[in-house]
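# No letters, just coordinates:
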């Protein structure tokens, strides 16, 4: 079972690495990271905090573009080109195919975020003489959140095309970070426990302006990640297993 | 044990009903289809476009969700993944990730099929050779011709040493030599005890290799059985004679139908019960009997007649 999932994931990684979008996004983001110190809001005395904040935002945007471009296309493209026939007819379960596809995207995103964070660190060392190791905590949060978004995108892509997937995923991202706006009022407080909030992954303040996040918080973040990814993929599998290929 | 319980492939009561979201009425692409394929045989699945062949195959392989029916391969439910582990499938079009090299594609499918790691390289090169693609292992698939992709499709279907192979139009896109290779490969597979379900439009191919056929039309089984039984014309025998330059003797002429003369050889059919008398008459007239065999339809003629008949039946309902 796991070997089939890994085989599919490796296929996604290999396919992703030959796509130009991965490298273009990475180079573009690295250039932007180098330009951060020239931002007009760059105030004296808080340069390093602002650098970390903008660097995290760049990591987030880069990872989002990458995750969505890969996750939104993978399943629809394989179904459209019918390459999925050779996979499913080999005795691979549809759920294994879907989970493997997600895992591949998740691994590629990991590599991209790690590389990008390393670039940001190099710039931090060169510019401030500080390695800013807490950037890795932010990178972890971004990676986990992208894992959730990718799982949602893969789930939606089980029944529809890339445009709908990207739109739905961006809507999910917006909703996920709008709990206080959408259900923050007095009368709606009872809904809060059911709200699909992604705020758990927002660690900009402690990483950019504080002293980082404690281990316990990281563990709790992993639990939220596992819950959302599990739920999204379960829905995706339920949808995909009903689909005629 | 009956035929059904010993079948390598058994489809019972297959039905696929498409339900449009709004408006148009429900449509049955396949209804009440039963197919039983004996182990170690080549079974042809024939039918015009839209007959439901591909939908039936897709239901058998878990690619399309059946509305009803039971699908078993080697006794296991083939709509579940574990029921397809000993199956090789080649779809009608050779679909592969175009950026892969041929050997990478085969290795990918070998891994998915659970081929032991240490066997993959050896099996890949053996199959590349078997389908006539030796020396092309390192070529990326976007540089492959349609025929080469078709051959690779057959290699991927065989990568897990399957006990049952399902081939959907395997000779499509191949030149005559390639078509002959595919026919030989199917016969080779049967010789090795592999069961082959062959869906094809090429009736000559089906006639050349299939032990039994199922003919589908408009989503139902229109005819099934052994080719000889389907194609033999009941009650008539075909006789070929030579040495009758003066024409057929009068007593033969009265009985003969479908007379054709070419190069000094006369071919005609007579009722089965008259064969002895006709042979004696030809002998007395100085002719030589070349062959005596049951009259056999061509598959093309049988197929066309059957489809016309079932179209009339469908129209009269």
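Perfect, I can see it now. Keep in mind it's a predicted model, so treat the numbers as computed, not measured. Numbering: from 1, shown residues only, chains lettered A, B, ... in the order given.
# so residue A:127 makes contact with residue A:51?
Yes: the pair residue A:127 and residue A:51 passes the contact test of C-beta atoms under 8 Å, sitting 7.4 Å apart. Bear in mind the C-beta positions are built from the backbone N, C-alpha and C, glycine included.
# Buried residues, the lowest-mean-pLDDT helix or strand in chain A. List them.
Lowest on mean pLDDT, DSSP states H and E among the helices and strands of chain A sits helix A:179-183, with a mean of 75. Going by neighbour count (16 or more other C-beta atoms under 10 Å in any protein chain shown), the buried part of helix A:179-183 is A:179, A:183.
# separation between the residue nearest the centre of chain A and residue B:250?
Centroid-nearest residue in chain A, with C-alpha atoms, centre = their mean: residue A:146, separated by 1.2 Å. As judged by C-beta to C-beta, to the nearest Å, residue A:146 and residue B:250 stand 93 Å apart.
# still on that earlier bit, same drill for residue A:127 and residue A:51, tell me which one is more crowded.
A count of neighbours by other C-beta atoms under 10 Å in any protein chain shown puts residue A:51 above the other of residue A:127 and residue A:51, at 24 against 14.
# Next up, the contacts around the residue lying closest to the more buried one once chain neighbours are set aside.
Leaving aside its sequence neighbours, residue A:51 sits nearest to residue A:36 (C-beta to C-beta, 6 or more residues apart in numbering or on different chains; 5.5 Å). By C-beta atoms under 8 Å, 6 or more residues apart in numbering or on different chains, the contact set of residue A:36 is A:42, A:50-51, A:54-55, A:58, A:123.
# Next, count neighbours for residue B:211.
16.
# need the residues of chain B near chain A, please.
Within chain B, the positions near chain A by C-beta under 8 Å from any C-beta of the partner chain are B:58, B:61-65, B:81-85, B:87, B:89, B:91, B:93, B:95-97, B:99, B:108-109, B:111-114, B:156, B:160, B:166.
# So which bits of stretch B:55-70 are buried?
So, applying 16+ other C-beta under 10 Å, buried residues of stretch B:55-70: B:55-64, B:66-67, B:69.
# Need the distance between the two termini of it.
Start and end residues of stretch B:55-70 are separated by 14 Å (C-alpha to C-alpha, to the nearest Å).
# Give me the distance between residue B:62 and residue A:240.
From residue B:62 to residue A:240 the distance is 12 Å (C-beta to C-beta).
# next one: residue A:234
11 Å.
# Number of residues surrounding the residue found closest to residue A:161 once you drop the neighbours it is linked to in the chain?
Sequence neighbours aside, residue A:76 is the residue nearest to residue A:161 in space, at 5.1 Å (criterion: C-beta to C-beta, 6+ apart). For residue A:76, the neighbour count with other C-beta under 10 Å is 19.
# can you give me the helices in the chain?
No chain specified, so I'll use chain A. A:2-17, A:20-35, A:47-80, A:84-88, A:94-128, A:135-157, A:162-176, A:179-183, A:204, A:215-241 (DSSP state H).
# that answer is for a different chain, and I need it for chain B
So, for chain B - with DSSP H - the helices run B:53-60, B:102-112, B:117-130, B:146-158, B:176-191, B:203-209, B:227-231, B:250-253, B:275-284, B:299-316.
# So which residues on chain A come close to chain B?
Contact residues (C-beta under 8 Å from any C-beta) of chain A with chain B: A:3-4, A:7-8, A:11, A:15, A:18, A:81-83, A:85-93, A:96, A:242-245.
# buried subset of those?
For the residues of chain A next to chain B, buried by 16+ other C-beta under 10 Å: A:4, A:7-8, A:11, A:15, A:82-83, A:85-93, A:96, A:245.
# what's the average pLDDT for stretch A:138-157?
Confidence over stretch A:138-157, taken as the mean pLDDT, stands at 96.
# should've said stretch B:305-316
63.
# For burial, what's the neighbour tally of the residue in the stretch 201-317 of chain B that chain A sits nearest to?
Residue nearest to chain A within the stretch 201-317 of chain B (C-beta to the nearest C-beta): residue B:219, separated by 15.4 Å. By other C-beta under 10 Å, the residues close to residue B:219 number 24.
# Identify the residue nearest it in space, chain neighbours excluded?
Using C-beta to C-beta, 6+ apart and skipping residues adjacent in sequence, the residue nearest residue B:219 is residue B:52, 4.2 Å away.
# Return the residues in contact with residue 30.
If you meant another chain, say so; for now it's chain A. Going by C-beta under 8 Å, 6+ apart, residue A:30 touches A:116, A:119.
# The intended chain is chain B.
Residue B:30 neighbours (C-beta under 8 Å, 6+ apart): B:14-16, B:52, B:55-56, B:59, B:219-220.
# What residues are bridge-paired with it?
Beta-bridge partners of residue B:30, counted by DSSP bridges, are residue B:16.
# Residue B:137 versus that one, what's the distance?
39 Å.
# Likewise for residue A:25?
Applying C-beta to C-beta, the value for residue A:25 to residue B:137 is 33 Å.
# how long is stretch B:30-49 from one end to the other?
End-to-end distance for stretch B:30-49, by C-alpha to C-alpha: 13 Å.
# Quick one: mean pLDDT over it.
Averaging pLDDT along stretch B:30-49 yields 92.
# Same check on stretch A:216-231?
For stretch A:216-231, the mean pLDDT works out to 95.
# residues contacting residue A:194?
With contact set as C-beta under 8 Å, 6+ apart, residue A:194 has no partners.
# how does it look with 10 Å?
Listed by C-beta atoms under 10 Å, 6 or more residues apart in numbering or on different chains, the contact partners of residue A:194 are residue A:183.
# Any regions of chain A where pLDDT drops low?
For chain A, the stretches flagged by pLDDT under 70 are A:1, A:39-45, A:184-189.
# change it to 80
Counting by pLDDT under 80, the ranges of chain A that qualify are A:1, A:19, A:21-22, A:25-26, A:29, A:33-34, A:36-47, A:179-194.
# Likewise for chain B?
B:1-5, B:20-25, B:94, B:172-173, B:201-204, B:228-229, B:231-234, B:296-317.
# So for it, the centremost residue is which one?
The structure's chain B has its C-alpha centroid closest to residue B:44; by C-alpha atoms, centre = their mean the separation is 2.6 Å.
# My guess is it contacts residue B:225. True?
No: if you go by C-beta atoms under 10 Å, residue B:44 and residue B:225 don't touch, sitting 11.0 Å apart.
# overlap in contacts of those two?
Common neighbours of residue B:44 and residue B:225 (C-beta under 10 Å, 6+ apart) are B:212-215.
# In strands only, show me those.
Members of the shared contacts of residue B:44 and residue B:225 lying in strands (criterion: DSSP state E): B:212-215.
# Can you tell me which of those comes closest to residue A:116?
Nearest to residue A:116 out of those is residue B:214 (C-beta to C-beta; 57.9 Å).
# What is the neighbour count of that closest one?
25.
# Could you do the one 4 residues further on as well?
Neighbourhood size, residue B:218 [other C-beta under 10 Å]: 19.
# now residue A:165
Neighbour number of residue A:165 under other C-beta under 10 Å is 25.
# Identify the residues contacting the nearest residue to it once chain neighbours are set aside.
Beyond its immediate neighbours in the sequence, the residue positioned closest to residue A:165 (C-beta to C-beta, 6+ apart) is residue A:72, lying 3.9 Å away. Counting by C-beta under 10 Å, 6+ apart, residue A:72 touches A:105, A:150, A:153-154, A:156-157, A:160-169.
# From residue A:241, how far off is residue B:116?
Using C-beta to C-beta, one obtains 29 Å as the distance from residue B:116 to residue A:241.
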